[in-house]
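Novice: I would like the atomic coordinates for the input below:
(2 chains)
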Protein chains: 2
Amino acid sequence: MVDPIHYEDIEVGSVTCYGNYAVTREEVIEFASKYDPQPFHLSDEAAAQTYFGRLSASGWHTAAMAMRMLVDNMQAGRPTASLGSPGIDEIRWRKPVYPGDRLRVENQLLSKRRSTSRPDMGLTRSKSTIYNQDDEVVMTLIANGLIRVRHPEVAGD
Amino acid sequence: MVDPIHYEDIEVGSVTCYGNYAVTREEVIEFASKYDPQPFHLSDEAAAQTYFGRLSASGWHTAAMAMRMLVDNMQAGRPTASLGSPGIDEIRWRKPVYPGDRLRVENQLLSKRRSTSRPDMGLTRSKSTIYNQDDEVVMTLIANGLIRVRHPEVAGD
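Specialist: Now for the predicted structure:
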């Protein structure tokens, strides 16, 4: 059985690149219809009168697509002993995401530390930058994560 | 025609309550299959081995449901001259959201200020607290928003 990536294995400063998400008109409208039915996320006509110019994805849809790329990357190759996320420290929607775009992610580990209350748990802080096919930054995200410690009995940072 | 809610109309400290979102098993699995296909968001069996205990919604799904409640509230009654959001300052996922839960939102306006570069635009910062049917806090969110100023020619905070 493959030994998953644990707290001890991850290196502060390391950068991981992944994802190639094709944004379709159908999916933009489907997500917005369910979760963010503002007119500029539903039709070109309504979006033409706004900053967006034409139909653009809900920012929450972009976050969800970034999550899917992260999970696909975690599940490809060697798994990660992830224990979920307690929260997000910052999201910035920097440019609209349009149907026809292709998205990718660069993820950098900013810091890590052992939990003081749970020695079997480590906390991570990482920054994801989501780019479109023109290498424009469309979204940035600073996320907290929880990851299993392989050797809780060994003291350490 | 109804005059939408503008920057001048919103009051710092005011609290708005809205939403009654029924979380279904089908929707939890559908969202997770598309955007967060980690095992604990897909089946009770996989979730039983984790902190969640049983099938629980992706945190991004909870954020999306909160957005839907916000948009429904903005579109009910008097509209808001919203210009979208540049980003989020904090998300905390405090308790799992389970199929069968009912969610609601309390939204408090923390602060507002006029844009220095765009006199027709105001910036808002608000905190949303998402509760389940047992009045437990499942998520908190601090969001930035943009709203149209009714009288850009009048100086003011």
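Novice: Helix, strand or coil: sort out A:Asn73 for me.
Specialist: The three-state assignment at A:Asn73 reads helix, by DSSP: H, G, I helix; E, B strand; the rest coil.
Novice: pretty sure it is touching A:Cys17, no?
Specialist: No. Judged on C-beta atoms under 8 Å, A:Asn73 makes no contact with A:Cys17 at a distance of 9.0 Å. Just so you know, the C-beta spots here come from the backbone N, C-alpha and C atoms, and that holds for glycine as well.
Novice: quick check, stretch A:79-90 touching chain B?
Specialist: Yes. For stretch A:79-90, a contact with chain B is found by C-beta under 8 Å from any C-beta of the partner chain, at A:Ser82, A:Leu83, A:Gly84, A:Ser85, A:Pro86, A:Gly87, A:Ile88, A:Asp89, A:Glu90.
Novice: With only the CA atoms kept, save that stretch in CSV.
Specialist: Provided in CSV are the C-alpha atoms of stretch A:79-90 (Å, rounded to 0.1, in the frame of the first residue of the first chain):
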residue,chain,number,x,y,z
PRO,A,79,-2.4,10.3,-2.0
THR,A,80,-2.2,13.0,0.7
ALA,A,81,-3.3,12.3,4.3
SER,A,82,-5.5,15.4,4.3
LEU,A,83,-7.9,15.9,7.1
GLY,A,84,-9.9,18.7,5.5
SER,A,85,-9.8,22.4,5.9
PRO,A,86,-11.0,24.6,8.8
GLY,A,87,-11.3,27.7,6.5
ILE,A,88,-10.0,30.2,4.1
ASP,A,89,-8.1,33.4,4.9
GLU,A,90,-8.6,35.3,1.7
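Novice: Pull out the buried positions in the helix or strand of chain A with the lowest mean pLDDT.
Specialist: Lowest mean confidence among the helices and strands of chain A (mean pLDDT, DSSP states H and E): helix A:44-48, at a mean of 93. Buried residues in helix A:44-48, counting neighbours by 16 or more other C-beta atoms under 10 Å in any protein chain shown, are found at A:Ala47.
Novice: That helix and chain B, any residue contact?
Specialist: No. If you take C-beta under 8 Å from any C-beta as the test, helix A:44-48 misses chain B, and the best it gets is 11.0 Å.
Novice: The nearest residue to A:Leu123 once chain neighbours are set aside and chain B: what is the separation?
Specialist: Once its chain neighbours are removed from consideration, A:Leu123 has its nearest residue in A:Arg113; the separation is 5.5 Å (C-beta to C-beta, 6 or more residues apart in numbering or on different chains). Noted for A:Arg113: a distance of 18 Å to chain B, by C-beta to the nearest C-beta, to the nearest Å.
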